[in-house]
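Participant: sequence unknown, structure follows:
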C-alpha cells in the first residue's frame, strides 16, 4: 500500500508540474475561436479521466493485480519520457493552442524524424499507464471513447494549419513519417 501511495503522489506531482508548465508558458494565442473550445475540452477530458481513474480505484477496485499495476507504472513513465522529449524537441514551437503562427520551421529532428505526433502518443501512454496502475478498466474504455477521438481531431486540425503555412514541405514530411 505504501508503495502504491508513493507512486500515486509522484504521478500527481508530475502532472501538476506539467499543468503548471503548460499554462505559465508564454505562447502566442492565435488559434481560431472554434479551436479554443477543442483545446479546453481536450485538457478537461485528460484531467477528468485522470481523476475518474482515481474514483474508479476507490469505488470498484477490490483487488489490485500487481502485474497490471507494474505494467501501468512502466507505461506511464515511458509516456512521460516521450511527452517531455516531444516538448523539448519542439522548443518554442510547442504550445497548447492549435495554431502554426509561432512555428518558424517544421521540426524533423529527434523523434520527429520518424513520428509526427509523439506528444499525443506519450500523453495517451501516460494516461493509459496511470489507469492501468489504478486497475481502472472502465476508465480505459472512456479514454478510448473520449480522449483518443479528441486527439485525432486535434491532429487533423493541426496538420491543416501546418499545410496552410508550409504547403508542399509539410505534405512531403507527412509522407516520410508516421502519424504515430
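Facilitator: Happy to help now that I have it. Please read these numbers as outputs of a predicted model, since none were measured by experiment.

Participant: CA only for contacts and neighbour counts going forward, please
Facilitator: Noted.

Participant: for residue 178, give me phi and psi.
Facilitator: phi -90, psi 150 (degrees, to the nearest 10).

Participant: what values do phi and psi take at the residue nearest the centre of the chain?
Facilitator: In the chain, the residue lying closest to the centroid (Cα atoms, centre = their mean) is residue 123, at 2.5 Å. Backbone geometry at residue 123, expressed as degrees, to the nearest 10, gives phi -60, psi -40.

Participant: what about the helices in this structure?
Facilitator: Along the chain, counting by DSSP state H, helices occupy 2-24, 33-60, 66-90, 118-133, 137-142, 148-166, 168-176.

Participant: among these, which is the most enclosed?
Facilitator: Between the helices of the chain, helix 118-133 has the highest mean count of neighbours, a mean of 25, where neighbours are mean count of other Cα atoms under 10 Å.

Participant: residues making contact with that one?
Facilitator: Applying Cα atoms under 8 Å, 6 or more residues apart in numbering, the contact partners of helix 118-133 are 46, 49-50, 53, 68-84, 86-87, 111-112, 137, 139-140, 143, 148, 151, 180.

Participant: repeat for stretch 173-180
Facilitator: Contacts for stretch 173-180 (Cα under 8 Å, 6+ apart): 108, 113, 114, 115, 116, 117, 118, 121.
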